[in-house]
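Enquirer: sequence first, predicted coordinates after that:
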Amino acid sequence: MDNARLSLEDRVEELAREVRELKDQMAQMVRRVDSFQVVSNVSQPLASPASLQETPSSELSNWFGIPTLFSSISAVSFILVIALLLRTIVDQDFINQELGSIVGIAYATLLICLGYSRYSKSHPLAPTYVTCALLIMFSILLETHSRGFIPVWLAYAALGLTLIVSTVLGVRHSASIPLWVGVLGSSLVGIALEFPSPHYPQLMILLLVANASVYIGSKVSIWLGLRWTLFAISLFVWHLWTVQLRTLLLRGREIPEELALNWFLPLLGAFALVYAGMVIRTLMGRRRAFRSFEKYIPLANVLWAYAAAVAVVRPWLGEHSGLAPAALALGVVQIVFGIWISHFGPKGKQGGISFTIAGAVLFVLSSEKAMGTPFIYLPVWSLMALGMTYLSVQINNRTVRTCGYLLQALTLGIAIQQGCFTIGESLKLVAVCLAIFVSSISLIQYFWCRWEAEAPNNGMAGLMDPKDRSAVVLLVTSLVSLFLGFRLILHAGASALPGDTESLFQSGQTLLIAGSSIFLLLVALRWRDIEFLSIALIVALIAGIKVFGVDTVHARGIPLVLSVLSFAICASVASLVWGRWQRLPQEEGAITQPSLDKGRPV
């Protein structure tokens, strides 16, 4: 028994002696590196001009930073030796695992303090010490929690404290490496603690702190990809939480405590407010630039937050939970804020564009459930599209203008998809009014864009469409909407008349299409507008397809004769107008692009 005790004491003394020798060697290495830098700094001013000309080998050494590289490798090696030595002591049961974890955390903390002091002296090995310390800290926390030595709340608290320390270190010394390692390491380790079912409230609070750290650290010249990377990590966690909750809610099962259903909406609102607050703080401050993250995050924030809320709230609280009216109100608030902030300088205009588009998207997404019938919210969409075009002129931005075009076309598309213009047994006057209203607003928007407001050539839309040809979408929307409205009236009239209702209805549609083409051809010739001419020829082609592809099969008798006659007249007028158009450049100079001459047709 005494011999075994003596041998154990000898082994402990031997390990202690080896640790002292390693510390002495590491101290000598650090002194050599410091003396090398001092000698190089002192001898550099004494160099002759000829010696200042760098050889290829010295240029290569400076490019790769060979002295610093070898010093970093040496420092990492010694840090790893001590860490492995501590691990060996724990594995050999010289100390228990709980005490070993405390010693490891103390060692990582000591390295962080050493790195902080090295950063204060602008030492080149400072990032090495901090990076190694953070990685050791993360690995210890992950392992100790996996073995059950520390509870989950304490692990998340330690991760949050480590994240705060790395953020303070990075901001204090304008260093990006502590921010990168601290933010990504704490986020990924927090996800891995109890994956695939982590304790979501603690994890979400940790991610909130990480997002705040990245925003604070954006003053440092960090790569913008860190903000998008952390946003993607946050979205992954939200997606995981949302899918797990929605699956259980749809199956009617009990929600486990670790999924924390009652924390879902408060944390969702906190995340949305934090992202919106980052952009607002950037707009209000003078020292921060408005970058691509601030430009696109309002729209991304609206999309993911509303999608997650809908996926969980509707199976949880039902259709009448009040989510849609709240989202509708938030959309209006964002639109109003975007219009207001757009009056404050160039940065305010950029922020106004982002918030206006995000608010319009949220309004469109929530209006169906908030307002119920499409005959209420679709006219509001149409007016909103017109308002976006007006706003684009006020802030001189092409993107908002193009979004107004798309929203007007979307209004017609949703009306068709919702069956607003479906033929029924009786005439739906509200559907006819909707068609006429959308057609009128689209036509007003088109003429206002063409005759009153010249499109600015900025943004991606201005680059892709410098002549604003995309405004023709408004003209097409107006024509299609008006046709669908008259189509309802035509079917009601054909049903009231004696005879074959189908033949009368098909023939009447052909007469509408051919008559529209003739009208557009004459307007194009009068105004010498190439857009009207192009649309008129396309409508004439549709009339021909309708006559020979549909009417010859479904119409008979006089209605069929009228269909063919109407197309013949349309083709004759098209031929005359085209011939006249070809002579216009030689005679009077035909205009081959949309007219903007003093606000009126030529």
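Expert: The structure has been received and is ready for your questions.
Enquirer: could you use CA atoms for every contact and neighbour count after this?
Expert: Noted.
Enquirer: now do Leu125 against Gly170, distance only.
Expert: Relative to Gly170, Leu125 is positioned 15 Å away (Cα to Cα, to the nearest Å).
Enquirer: more crowded one of the two?
Expert: Taking neighbours as other Cα atoms under 10 Å, Leu125 and Gly170 compare with Gly170 leading, 23 against 20.
Enquirer: what about Gly345, how many neighbours?
Expert: Counted with other Cα under 10 Å, the neighbours of Gly345 add up to 11.
Enquirer: repeat that for Ser187.
Expert: 25.
Enquirer: which helix or strand in this structure has the lowest average pLDDT?
Expert: Lowest by mean pLDDT, DSSP states H and E among the helices and strands of the chain is helix 56-64, with a mean of 36.
Enquirer: secondary structure element holding Ile545?
Expert: Assessed by DSSP states H and E, Ile545 sits inside helix 530-546.
Enquirer: ignore what I typed, I meant Ile136.
Expert: Assigned by DSSP H and E, Ile136 belongs to helix 126-146.
Enquirer: now Gly544: how far from Ile395?
Expert: Gly544 is 44 Å from Ile395, by Cα to Cα.
Enquirer: neighbour count: these two, which is higher?
Expert: When neighbours are counted by other Cα under 10 Å, Gly544 comes out ahead of the other of Gly544 and Ile395, with 23 against 20.
Enquirer: name the nearest residue to that one, ignoring sequence neighbours.
Expert: By the measure of Cα to Cα, 6 or more residues apart in numbering, the closest residue to Gly544 outside its immediate chain neighbours is Phe567, 6.4 Å from it.
Enquirer: and the one you found, how many residues sit next to it?
Expert: The burial count for Phe567: 27, using other Cα under 10 Å.
Enquirer: now for it: which residues touch it?
Expert: Counting by Cα atoms under 8 Å, 6 or more residues apart in numbering, Phe567 touches Thr510, Leu511, Ala514, Ala540, Ala543, Gly544, Val547.
Enquirer: do you know how far the fifth one is from Ser507?
Expert: Using Cα to Cα, one gets 11 Å for the distance from Ala543 to Ser507.
Enquirer: if we can go back for a sec, between the contacts of Phe567, which is nearest Cys403?
Expert: Ala540 (29.4 Å; Cα to Cα).
Enquirer: do a quick rundown of the strands in this protein.
Expert: Read by DSSP state E, the chain holds no strands at all.
Enquirer: centroid-nearest residue for it?
Expert: Using Cα atoms, centre = their mean, the residue of the chain that lies closest to the mean C-alpha position is Ala300, 3.3 Å off.
Enquirer: ok, that residue to Gln408 distance?
Expert: For Ala300, the distance to Gln408 under the criterion Cα to Cα works out to 22 Å.
Enquirer: ok, and the closest non-adjacent residue to Ser440?
Expert: Spatial nearest neighbour of Ser440, excluding adjacent residues (Cα to Cα, 6+ apart): Ser478 at 6.7 Å.
Enquirer: pretty sure the one you found contacts Phe437?
Expert: No - the pair Ser478 / Phe437 is not scored as a contact, 9.3 Å apart, by Cα atoms under 8 Å.
Enquirer: closest to Pro466 out of the contacts of Phe567?
Expert: Ala540 (28.4 Å).
Enquirer: the closest one - how many residues pack around it?
Expert: Residues lying near Ala540 (other Cα under 10 Å) number 25.
Enquirer: and the closest residue in space to it that isn't next to it in sequence, what does it touch?
Expert: Closest residue in space to Ala540, ignoring its immediate chain neighbours: Ser517 at 5.5 Å, by Cα to Cα, 6+ apart. With contact taken as Cα under 8 Å, 6+ apart, Ser517 is in contact with Ala536, Leu537, Val539, Ala540, Cys570.
Enquirer: just the helices in the stretch 451-600 of the chain please.
Expert: 459-464, 472-496, 501-527, 530-546, 552-554, 558-587 (DSSP state H, counting those that start in this stretch).
Enquirer: meant to ask about the stretch 301-450 of the chain
Expert: Residue ranges of the helices in the stretch 301-450 of the chain, as given by DSSP H, counting those that start in this stretch, are 323-341, 345-371, 374-395, 398-417, 429-451.
Enquirer: and the shortest one, which residues are buried?
Expert: Under the neighbour-count criterion of 16 or more other Cα atoms under 10 Å, helix 323-341 has 323-325, 327-335, 337-339, 341 buried.
Enquirer: do the same with stretch 152-170
Expert: Neighbour-count burial for stretch 152-170, counted by 16+ other Cα under 10 Å, picks out 152, 155-156, 158-160, 162-170.
Enquirer: show me what that stretch is in contact with.
Expert: Stretch 152-170 is contacted by residues 116, 134, 138, 141-142, 145, 175-179, 182-183, 186, 190, 193, 199, 202-203, 206, 209-210, 213, 217, 220 when judged by Cα under 8 Å, 6+ apart.
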